[in-house]
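S.K.: compute the structure for the input listed below.
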Amino acid sequence: MPESTRRTFLTLSALGLANTATSKMVAGLNDETSSAMPAGNIRSWVSAQQLRCAQSQTISWQQASGKPSEPAIVLNPGKKFQAILGFGAAFTDAACYLFNQLAGPAREQLFHEMFHPSEMGLNVCRTCMGASDYSTQAYSYDEGDPDPELKRFSIAHDREYILPMLRQARQMNPDLFLFSSPWSPPGWMKSSGTMLGGSMRRRYIGTYSQYFLKFLQAYATEGVPVQAVTPQNEVDTDQDGRMPACIWPQEYEIEFVKLLGPLLKQNGLVTKIWILDHNYNLWGRATDELEDPILRASCNGVAWHGYAGTPEMMSRVHDAFPDVGMHWTEGGPDYTNPDYLTDWTKWGRTFTAALRNWCDSITGWNLALDEKGRPNIGPFPCGGVVTIHSQTKEITRSGQYWAFAHFARFMRRGARRFDSQTAVTGLDHVGVENPDGQRVLVLSNSAGERKVTLQMGGMSADVNLKSDSVTTLLWA
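M.R.: Below is the predicted model of the structure:
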């Protein structure tokens, strides 16, 4: 067969398979779909080429006339899944340091843009309990020789610029949900004797639960209550001693949560505990820990990173423990990548996969870093959601920022993900229904320019997608 004919045959075959699959999906819709017919036009926002979450075409629903001419995305709002808590990124020491360097009006404008509910509305953010790799220095809340009674405990470091930035963000968005993670206990609690690398010493687990309690109480006293904690950022690595990090054996994490949960409750705190805070491929560890009924009494969530494994591994844990929340708690760009400013489709696909595998929230890594990924006391070249130039204070927005915009600006807390299916390749999709009944569909198109058809009950709509784009669709 000549190559040109073969290519034509394969193309037609692929289209035929896609349309056949679409027909089966349309035929399989239940009665709930037809009872939730769209009531108005579809508004759209696009990031592609020179567009940045820019309002675009208005699209009309039409009566569907049999099988769609284009491969379809079949929507079923009657079939719902998890509720959305929200989106955000991390108030690392580095990010807060840079925010604090901005002039007051510039910071006010940026925080309004990022956190105010009328703008991006970021509302699930992370803080670091002591130093992470993105800090100005290595520090804990109890430095020095062993202090099992925690007489030296102090959050004085955080009062200079971390707590003021958190308070300002909460003023912009009173519904800001904060969760906190340590990268390392104080060095005297570890086998290494330092915050850099090493593992937790079991004899200090009880002391460390008191350390958490003191942290939560101190932050609440400062007007910054924290809604959730993870026992350790990335439990399964010490990063070769190159940065604040700590290995936690599985049995240590179980023992710690069993102590911490009742301690918080005894002290009147309702702070949630999320275990693991590490990669997809540790799903087996998460499942094993959750099988402990005493741990389960204190833990209602699993925190995930996407550096190893696949998102589907989160669904394995959800399937075993459907009442346990899934949270995507870290991931950010590399400032040295040439597409740092334009990789919105990559991040759109990442966020979609997290939501389609049961995550209630998505929290990126550093909210802000400078043009060289600083401040940084670790080995990795991470970039911020935004870059704040160290000299000029000019603010630039990453591709991840624009991907967040397509989700966070439109998906409200309490929204429920609904079923969407397609056989179209190179197209990632996720839909939610907001508490007010508005529906949101985000399409991340990693292929070329093309047209796709939305199919919802007896209605359809044709959507033109730009190449390498993220498109948000909104309708009642």
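
S.K.: so where do the helices sit in the protein?
M.R.: 3-27, 31-34, 93-101, 104-115, 156-172, 205-221, 250-266, 283-290, 293-296, 312-320, 344-356, 399-408 (DSSP state H).

S.K.: which stretches of the chain have low pLDDT?
M.R.: 1-36, 68-70 (pLDDT under 70).

S.K.: let's see that with 80 instead.
M.R.: 1-37, 39, 66-70 (pLDDT under 80).

S.K.: what residues are up against L427?
M.R.: I73, L443, S444, N445, S446, A447, V452, L465 (Cβ atoms under 8 Å, 6 or more residues apart in numbering). The C-beta positions use only the backbone N, C-alpha and C, and glycine is treated the same way.

S.K.: can you rerun that using 6 Å?
M.R.: N445 (Cβ atoms under 6 Å, 6 or more residues apart in numbering).

S.K.: identify the bridge partners of it.
M.R.: Residues in a beta bridge with L427, per DSSP bridges, are N445.

S.K.: can you start the count at 35 instead of 1 from here on
M.R.: Fine by me, first position is 35 from now on; the one you just mentioned is L461.

S.K.: from Q489, how far out is it?
M.R.: Per Cβ to Cβ, to the nearest Å, L461 is found 14 Å from Q489.

S.K.: repeat that for S214.
M.R.: 44 Å.

S.K.: looking only at neighbour counts, state which of those two leads.
M.R.: Here S214 and Q489 are compared on neighbour count by other Cβ atoms under 10 Å; more neighbours surround Q489, at 26 against 23.

S.K.: the residue lying closest to the more buried one once chain neighbours are set aside and G492, how far apart?
M.R.: Using Cβ to Cβ, 6 or more residues apart in numbering and skipping the chain neighbours, the partner closest in space to Q489 is A106 (4.3 Å). Separation of A106 from G492 (Cβ to Cβ): 13 Å.

S.K.: so for these two, which sits in the more crowded spot?
M.R.: A106 (28 against 15).

S.K.: on that earlier part again, who does the residue nearest to Q489 bridge with?
M.R.: Beta-bridge partners recorded for A106 (DSSP bridges): T487.

S.K.: next, the nearest residue to R276 once chain neighbours are set aside: phi, psi?
M.R.: Nearest non-adjacent residue to R276, counting by Cβ to Cβ, 6+ apart: P413, 4.8 Å away. Phi and psi for P413, reported as degrees, to the nearest 10, are phi -100, psi 0.

S.K.: list the contacts for the residue nearest to the spatial centre of the chain?
M.R.: In the chain, the centroid-proximal residue (Cα atoms, centre = their mean) is I396; its distance is 1.8 Å. Each residue near I396 by Cβ under 6 Å, 6+ apart is listed here: F121, W362, F385, A388.

S.K.: ok, and the closest non-adjacent residue to it?
M.R.: Per Cβ to Cβ, 6+ apart, closest to I396 is W362, 4.6 Å.

S.K.: got the contact list for the nearest residue to G417 once chain neighbours are set aside?
M.R.: Of all residues not flanking G417 in the chain, Y369 sits nearest, at 3.2 Å (Cβ to Cβ, 6+ apart). Contact analysis of Y369 by Cβ under 6 Å, 6+ apart lists G407, P415, G417.

S.K.: M148: which of those is nearest?
M.R.: Checking those against M148 with Cβ to Cβ, the nearest one is G417 at 15.8 Å.

S.K.: tally of neighbours for the closest one?
M.R.: 26.

S.K.: test my guess that it contacts N371.
M.R.: No: the pair G417 / N371 is not scored as a contact, 7.9 Å apart, by Cβ atoms under 6 Å.

S.K.: what is the neighbour count of D357?
M.R.: The burial count for D357: 7, using other Cβ under 10 Å.

S.K.: from W308, how far out is the closest residue to it other than its chain neighbours?
M.R.: Leaving aside its sequence neighbours, D357 sits nearest to N334 (Cβ to Cβ, 6+ apart; 7.8 Å). From N334 over to W308 the distance is 8 Å, taken as Cβ to Cβ.

S.K.: those two: which is more packed in?
M.R.: Set N334 next to W308 and count neighbours by other Cβ under 10 Å: W308 wins out with 24 against 16.

S.K.: which non-adjacent residue is nearest that one?
M.R.: Closest to W308 by Cβ to Cβ, 6+ apart is G335, at 3.7 Å.

S.K.: got the contact list for the one you found?
M.R.: W308, G359, H361.

S.K.: my guess is the last one contacts N334, does it?
M.R.: It refers to H361. No: with contact defined as Cβ under 6 Å, H361 does not count as touching N334 (10.3 Å).

S.K.: what sits against S503?
M.R.: Contacts of S503 (Cβ under 6 Å, 6+ apart): V80, A82, N479.

S.K.: just among those, which is most surrounded?
M.R.: Neighbour counts for the contacts of S503 (other Cβ under 10 Å) peak at N479, which has 26 neighbours.
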